[in-house]
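Asker: Pasting the sequence and the predicted coordinates here, then a few questions.
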Amino acid sequence: MSNRDCSTSRRGFLGTVAVTLAALPLGTLAPSRRIFAEELPKLDEQAAEARAVGYVHDASNADDEQFEEGQHCGNCMLFSNEDEGWGRCSVFPGKRVSARGWCSIWSEDIVTDA
Ligand code: SF4
């Protein structure tokens, strides 16, 4: 292989790397930052998405015929990452809900025996 062939293939390789890097989304190269539950804003009871499912911060204020005594976010299978009485709910991504709250989507945590 001549020096000229080697130079040409190196240039081709570097060009391919440059094109590949340019095609990557900027977020791919940026260091990822984990968002902790306590950093999320609390869900506003008056927000349209909250009102649509009758969400309240305190289950004792639930005004919905589907509500049954003992149901609250803290024992709903869609609730996670509780921290100081607030946690994540998969129905409201990007918000925190109260562990004492409730909405009409409340779901019983299903425990199966293996
Ligand atoms: S789905 Fe469950 S955790 Fe989410 S707001 Fe409704 S009751 Fe609370």
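Answerer: Perfect, I can see it now.
Asker: Just the helices from the protein, written as ranges.
Answerer: 3-23, 26-29, 48-52 (DSSP state H).
Asker: how deep is residue 106 tucked in, by neighbour count?
Answerer: 25 (other C-beta atoms under 10 Å). For every residue, glycine as well, the C-beta is placed using N, CA and C.
Asker: meant to ask about residue 85, not that
Answerer: 13.
Asker: if you skip the residues just before and after it, what's nearest to it?
Answerer: With sequence-adjacent residues excluded and distances taken as C-beta to C-beta, 6 or more residues apart in numbering, residue 85 is closest to residue 99, at 5.0 Å.
Asker: Residue numbers of the protein in contact with the ligand?
Answerer: 55, 73, 76, 78-79, 89, 91, 97, 101-103, 105-106 (C-beta under 6 Å from any ligand atom).
Asker: Inside strands: which ones of the residues you listed?
Answerer: Judged by DSSP state E, the subset of the residues of the chain next to the ligand located in strands is 79, 89, 97.
Asker: can I get those in TSV with neighbour count?
Answerer: Formatted as TSV, these follow (neighbours: other C-beta atoms under 10 Å):
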residue	neighbour count
79	23
89	22
97	29
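Asker: for these, which one is nearest residue 45?
Answerer: residue 97 (9.9 Å; C-beta to C-beta).
Asker: wait, the closest one sits on residue 58?
Answerer: No - contact criterion C-beta atoms under 8 Å: residue 97 and residue 58 do not qualify, at 11.4 Å.
Asker: Mind putting the residues of the chain next to the ligand into CSV with pLDDT?
Answerer: Listed next are the residues of the chain next to the ligand as CSV, based on pLDDT from 0 to 100:
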residue, pLDDT
55, 98
73, 97
76, 97
78, 97
79, 97
89, 97
91, 97
97, 98
101, 98
102, 98
103, 98
105, 98
106, 98
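Asker: which secondary element of the protein has the worst mean pLDDT?
Answerer: Least confident helix or strand of the chain, by mean pLDDT, DSSP states H and E, is helix 26-29 with a mean of 48.
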